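> Give me a model of this one.
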Amino acid sequence: MTRERWFADTNLFLRYLTNDIPAQADAVEALLQRAEQGEVLLITNALVIAEIVWTLESFYKLPKAEVEEKVLAVLNTPGLEGVDGDLVLQAVVWYVEKNVDFMDADNATWMSRQGLQTACTFDQKHVARFEGITVVVPSVAGAQEE
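Reported below is the predicted structural model:
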């Protein structure tokens, strides 16, 4: 018997991780138990993880280490499959280790997978924290650089 595959959206994880709406957190817990028992396969992606990180940081004001802990718990949920989960896992580690935004860390892991070694960006400070990535800043003749 093939189990159903369901996309797991950001708000499910946020309700569960924060328990700010207990009835919804309980419903998510029941869903996660169904996934763990193999009744359903939950699937999520890097954008969901990015939204979790952003919300926990900006709205809930959690420190990076606590955000990392919660995101790793999500990524290690039995019955949950993350699209490009290995890349997202590396991005979560670099997000804390390199003290950068999650999206910068996610982009660096994606670049690595693609064999890209040069990033064209104005964000020199964060991108330069990743070994093996060269930053190229676009410029226009006579334009002031930041």
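> what's around Glu81, how many residues?
14 (other CB atoms under 10 Å). Any C-beta I mention is one placed from the backbone N, CA and C, and that applies to glycine too.
> So that it lines up with my notes, have the first residue be 27 from now on.
Got it, first residue is 27 now, which makes that one Glu107.
> ok, what's across the strand from the closest residue to it other than its chain neighbours?
Spatial nearest neighbour of Glu107, chain neighbours left out: Ile69 (4.9 Å); criterion: CB to CB, 6 or more residues apart in numbering. On the basis of DSSP bridges, Ile69 is bridged to Phe33, Glu107.
> how far away is Ile69 from Leu113?
15 Å (CB to CB, to the nearest Å).
> higher neighbour count, these two?
Leu113 (18 against 14).
> so Ile69 touches Val109, yeah?
Yes. Using CB atoms under 8 Å, Ile69 is in contact with Val109, at 6.7 Å.
> Tell me how many other residues crowd Phe85.
Neighbour number of Phe85 under other CB under 10 Å is 11.
> give me every residue that touches it.
Not one residue lies near Phe85 by CB atoms under 8 Å, 6 or more residues apart in numbering.
> got the contact list for the nearest residue to Leu98 once chain neighbours are set aside?
Leaving aside its sequence neighbours, Leu98 sits nearest to Val118 (CB to CB, 6+ apart; 6.3 Å). Counting by CB under 8 Å, 6+ apart, Val118 touches Ile75, Val79, Glu94, Val97, Leu98, Leu101, Phe128, Ala131.
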